[in-house]
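Trainee: 3D, please:
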Amino acid sequence: MAMRRQLAAWTALIALTLGACGGGASGAGDGGSPPAPPPPPPPISDAEAWRFLNQATFGATPAAADEFKRLGAAAWIDAQMALPASLQLPFLQALPAPQFPFERQADRLDAWFRNAVNGEDQLRQRVAFALSEIFVVSQQGALVSYPYGLASYYDMLAGHAFGNYRELLEDVTLHPAMGIYLSMLGNEKPDPALNIRPDENYARELMQLFSIGLVELNADGSVRLGADDQPIPTYDQATIEAYAHVYTGWHFAGAPSFELAFPNAFNQTIPMQLYPDYHDTGEKRLLSGVVLPAGQTGEQDLAGALDSLFFHPNVGPFVAIRLIQRLTASNPSPGYVSRVAAVFDDNGAGVRGDLGAVVRAILLDPEARPAAPGATDGKLKEPLLRLTQLWRAYDARSASGRRSLRAAGVFFGGAPPAAPPVFNFSGPFYAPPGEIRDGSLVAPEMQIATEYQNTLVTNYFLYQAFGLNSASDALAEDDVYIDIDDEVEVAADTDALIDMVAAKLTGGELSATLRAEIETMLALLPADDPVLRAAETIYFIASSPEFAYQR
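Mentor: Just a heads-up that it's a prediction; the model follows:
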């Protein structure tokens, strides 16, 4: 009896102890079975995979969708961020030296297409493309003879795609391609006797286009208003002049003097060098009350100036809006912008400017792919992204191995980096007249969607589908053609053909209207002409509004 009472006392004590620490094998302390594990997440559909991959890559493919469905969004992003960057400069440097440097621009574009269409590091390349449309340089104009510099610049953007924005600002500032494009390279301190004043071009664009914008912003991207109910300017002419004095004394590296700093194939790919005698060492009054004291070195002035911009409260929402627009949505809600800007300000570990965390926040935000998309969700795909998606879906290649499209700038309104102005091919605030502008919305990509440009894009897709395909016997060595062999095999079966093309281009999603139009078209074509039937179906979907719209 005493033993029984002792065992009962020990049992009660163990139960009391386990209950106090939340342990025990029973569920909720009621003596029942352990709680059931949470159910696994629902499987990812093809359509969901396509939506994500068209935001994060240069185009969804069945193979990429299978990998994404296996990993899930977060693990897919982790895997992509771990991949090394596919680069352009080594590709160019492996080629023989050209007679004229501009001849290598076509090869640089070939390298860009190879990485965009076939690179494993799709997320990095996609973010680099987005950054290239913010930190714009262009082969049009002064950089036409600097293909190595442009390749190096783009590789730098790819290297910083998941890095820190402050480091990116510095590397952009000191890259010779930017130095040439916005005339900071060779910028001299003032000399009134020779009527020399520091060039203000880069100082102005670094603030307006690369960091803080023209007016002060709230954390959600909305414009701050002053007491007069008007937007508050972020800077004035005096501020521009002060920053212009910071960016003096920098030129091509490796020269014995400032005057002898001439370009070559090497120094257009490495950071500019400071030549101290040409740097203005006077006091400089910058934004937010920052004063750079007289007597500092050019490196000290540069660090202080870039820090004053990087820590400005505008930078978080500024970067958030532009990267969201490039990747997921033209008209993000204030909440979406605010959430991403907060991650820019602090990645959760006390780090400001972590682009990897920002990209992750953009792609994983609930607003990136809402379950029930609304009329203003998503964005219009740039024509170039429609082309890369088609090429990726249909394993585009050429007999020579080249992936170049020399007329990309003509047919598709732009080829990287070849924007006509520093404002990119299209501005972030462009609103076409009519329903979009009346609704206080924007559609940046529609700035290049002119009647002329849309006709060129549609005509190119026509040529691609009917002429540049694997069934053609008239392909030139450099012609980039799509592989339509699978479609040719099933072309006599209307439903199977439509399903196959839709699976490759839209993740299987087609409106009933578009499907009915394709069925009507195929009913008019002979069943014994499989190439024509395959080409028509591909062209119909590739040139459709549904393919052009990313939601």
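Trainee: nearest spatial neighbour of the residue nearest in space to the middle of the chain, skipping sequence neighbours?
Mentor: Centroid check for the chain by C-alpha atoms, centre = their mean gives A130 as the closest residue, at 2.5 Å. Nearest residue to A130, sequence neighbours excluded (C-beta to C-beta, 6 or more residues apart in numbering): R326, at 3.6 Å. C-beta here means a position set from N, CA and C on the backbone, and glycine is covered the same way.
Trainee: determine the set of other helices and strands touching the helix or strand where that neighbour lies.
Mentor: Secondary structure assignment for R326, by DSSP states H and E: helix 315-327. Other elements packing on helix 315-327 under the criterion 3 or more C-beta pairs under 8 Å, 6 or more residues apart in numbering; DSSP states H and E are helix 122-132, helix 334-345, helix 355-364.
Trainee: what is the mean pLDDT for the longest one?
Mentor: Right, helix 334-345. Across helix 334-345, the average pLDDT comes to 98.
Trainee: turn the helices and strands packed on helix 315-327 into TSV, columns for distance to H245.
Mentor: Output for the helices and strands packed on helix 315-327, formatted as TSV (distance: least, C-beta to C-beta, whole Å):
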stretch	distance to H245
helix 122-132	27
helix 334-345	29
helix 355-364	29
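Trainee: of those, flag the one that's most buried.
Mentor: helix 122-132 (a mean of 24; mean count of other C-beta atoms under 10 Å).
Trainee: okay, now Q325: neighbour count?
Mentor: Per other C-beta atoms under 10 Å, the neighbour tally for Q325 reads 23.
Trainee: A443 is in contact with that one, correct?
Mentor: No - using C-beta atoms under 8 Å, Q325 is not in contact with A443; the gap is 9.9 Å.
Trainee: what residues are shared contacts of those two?
Mentor: K379 (C-beta atoms under 8 Å, 6 or more residues apart in numbering).
Trainee: shaky segments in the stretch 351-500 of the chain?
Mentor: Low-confidence segments of the stretch 351-500 of the chain (pLDDT under 70): 406-411, 413-415, 418, 420-421, 423.
Trainee: just the strands in it please.
Mentor: 379-380 (DSSP state E, counting those that start in this stretch).
Trainee: who touches L150 in this structure?
Mentor: So L150 contacts 105, 108, 137, 139, 143, 177, 417 (C-beta under 8 Å, 6+ apart).
Trainee: in what helix or strand does L522 lie?
Mentor: Using DSSP H and E, L522 falls within helix 512-523.
Trainee: distance-wise, check the residue nearest to A130 relative to I77.
Mentor: To I77, R326 is 16 Å away according to C-beta to C-beta, to the nearest Å.
Trainee: what do you get for L174?
Mentor: Remark: distance between L174 and I77 (C-beta to C-beta) = 30 Å.
Trainee: residue contacts, the residue nearest to A130?
Mentor: R326 makes contact with 129-130, 133-134 under the criterion C-beta under 8 Å, 6+ apart.
Trainee: what strand or helix carries F547?
Mentor: Counting by DSSP H and E, the element that carries F547 is helix 545-548.
Trainee: that helix packs against which elements?
Mentor: helix 383-393.
Trainee: can you give the distance of the helix it packs on from its chain's centre?
Mentor: Remark: helix 383-393 is offset 15 Å from the chain centroid, using C-alpha atoms, centre = their mean, to the nearest Å.
Trainee: what comes up buried for it?
Mentor: Buried residues in helix 383-393, counted by 16 or more other C-beta atoms under 10 Å: 383-393.
Trainee: stretch 269-284 too?
Mentor: By neighbour count with 16+ other C-beta under 10 Å, stretch 269-284 contains the buried residues 269, 271-275, 278-281, 284.
Trainee: could you do stretch 428-439 as well?
Mentor: Along stretch 428-439, these residues count as buried under the neighbour rule (16+ other C-beta under 10 Å): 428, 430-431, 436.
Trainee: circling back: so which of the buried residues of stretch 269-284 sit within strands?
Mentor: Per DSSP state E, strands hold the following members of these: 273-274, 284.
Trainee: export these to a markdown table and tack on pLDDT and distance to R352?
Mentor: A markdown table is the format used below for these (pLDDT from 0 to 100; distance: C-beta to C-beta, whole Å):
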| residue | pLDDT | distance to R352 |
| --- | --- | --- |
| Q273 | 98 | 29 |
| L274 | 98 | 26 |
| K284 | 98 | 23 |
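Trainee: what is the nearest of the residues you listed to I232?
Mentor: Nearest to I232, judged by C-beta to C-beta, of those is K284 at 22.3 Å.
Trainee: one step back: take the contacts of L150 and keep only those in helices.
Mentor: Using DSSP state H, 105, 108, 177 are the members of these that sit in helices.
Trainee: among those residues, which one sits closest to K69?
Mentor: R108 (35.0 Å).
Trainee: show the contacting residues for the closest residue to the closest one other than its chain neighbours.
Mentor: Among residues not flanking R108 along the chain, P147 sits closest, at 4.6 Å (C-beta to C-beta, 6+ apart). By C-beta under 8 Å, 6+ apart, P147 lies in contact with 92, 101-102, 104-105, 107-108, 139.
Trainee: check G59 too.
Mentor: By C-beta under 8 Å, 6+ apart, the neighbours of G59 are 53, 117, 385, 388-393.
Trainee: just send these back as a markdown table, with distance to G163 too.
Mentor: Listed next are those as a markdown table, based on distance: C-beta to C-beta, whole Å:
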| residue | distance to G163 |
| --- | --- |
| L53 | 23 |
| V117 | 24 |
| L385 | 24 |
| T388 | 24 |
| Q389 | 27 |
| L390 | 31 |
| W391 | 28 |
| R392 | 26 |
| A393 | 31 |
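Trainee: picking that back up, for the helix holding F547, buried residues please.
Mentor: Buried positions in helix 545-548, judged by neighbour count with 16+ other C-beta under 10 Å: 547-548.
Trainee: what's the mean pLDDT across it?
Mentor: Averaged over helix 545-548, pLDDT sits at 94.
Trainee: tell me the first helix or strand C-terminal of that helix.
Mentor: As assigned by DSSP H and E, the chain's next helix or strand after helix 545-548 is strand 549-550.
Trainee: partner strands of that next one and their direction?
Mentor: Partners of strand 549-550 in the sheet, by DSSP bridges, are strand 379-380 (antiparallel).
Trainee: now do the domain split for this protein, please.
Mentor: 184-313, 315-364, 381-418+450-550 (automatic domain parsing).
Trainee: and of those domains, who's closest to A73?
Mentor: Closest among the domains of the chain, using C-beta to C-beta: domain 315-364, at 6.1 Å.
Trainee: end to end, how far does that closest one reach?
Mentor: Domain 315-364 stretches 21 Å from its first residue to its last (C-alpha to C-alpha, to the nearest Å).
Trainee: next: stretch 172-183.
Mentor: Note: stretch 172-183 ends 13 Å apart using C-alpha to C-alpha.
Trainee: residues making contact with that stretch?
Mentor: Outside of stretch 172-183, the residues within contact range by C-beta under 8 Å, 6+ apart are 135-138, 141-143, 146, 149-150, 152-153, 156, 184-186, 199, 201-202, 205-206, 210, 247, 250, 252, 263, 267-272, 302, 306, 422.
Trainee: just the ones of those in helices?
Mentor: Mapping the contacts of stretch 172-183 onto helices (DSSP H) picks out 149-150, 152-153, 156, 201-202, 205-206, 302, 306.
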